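J.: 3D model of this:
(one chain, ligands or ions: 1)
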Amino acid sequence: MPFPEFTRPSPNCDATVPHEQLGVVFHHTVISFDETIALMTDPARQVSYHCVIAPDGTRCTLVPDAHVAWHAGVSSFRGRAGCNAFLLGLSFAGDTYAAPLTAAQLASALEWLAPRWFRHGWTIDGMTDHRQVAPGRKDDLNPVEWDRLRAALVARFG
Ligand SMILES: [Zn+2]
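T.: Purely as a prediction, here's the structure:
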């Protein structure tokens, strides 16, 4: 059975330039799933992810892949600045320093990734987290949880 998924469109995105969809920046939200959806759909906040995953694996889509979500801020990946233009934002509700990712969150992330991975020809080299693209400014994910996630990606997709 796939995980439940629903959509709450966020106004906090740029639909005028097509998203390049070269890979993914993973985040955690610190706050709860419901609080995240409320914040990301508030136009005053100017922040969004493409998708957020609850501890039970339920996914909420906030921004279509084709649009630029505002998740990474000042950032750079493999020498290129401005990750929002070319990396999708996928976030886990909760704080990975306070509690590990749940098995359902990991499985739901793999389910979300699978069609995109093959459609775009992604590899593990296109996967990163907020801590790595904004070093010193952001600390998500906990490195231990990033290692768990990365191992799950390699096991699933090679
Ligand atoms: Zn983040």
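
J.: ok, which residues in the protein are in contact with the ion?
T.: Within reach of the ion by C-beta under 5 Å from the ion, the chain has these residues: 27, 130, 140. Quick note: C-beta positions are derived from backbone N, CA and C, even for glycine.

J.: closest to Tyr49 among the residues you listed?
T.: For these, the closest approach to Tyr49 (C-beta to C-beta) belongs to His27, at 6.4 Å.

J.: Kindly state the beta-bridge partners for Ile53.
T.: Arg59, Phe92 (DSSP bridges).

J.: Just send the residues of the chain next to the ion back as TSV, with pLDDT too.
T.: Below are those laid out as TSV (pLDDT from 0 to 100):
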residue	pLDDT
His27	98
His130	98
Asp140	98
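
J.: Please list only the buried members of these.
T.: Taking 16 or more other C-beta atoms under 10 Å as the criterion, what is buried in these is 27, 130, 140.

J.: List the residues that contact Leu88.
T.: Remark: with contacts taken as C-beta atoms under 8 Å, 6 or more residues apart in numbering, Leu88 is in contact with 19, 21, 23-25, 50, 65, 69, 116.

J.: redo that, cut-off 10 Å
T.: 19-26, 49-51, 63, 65, 68-69, 71, 112-113, 116, 120, 122, 126 (C-beta atoms under 10 Å, 6 or more residues apart in numbering).

J.: try Gly73
T.: Counted by C-beta under 10 Å, 6+ apart, Gly73 has contacts 47, 82-84, 130, 133-134, 137-138.
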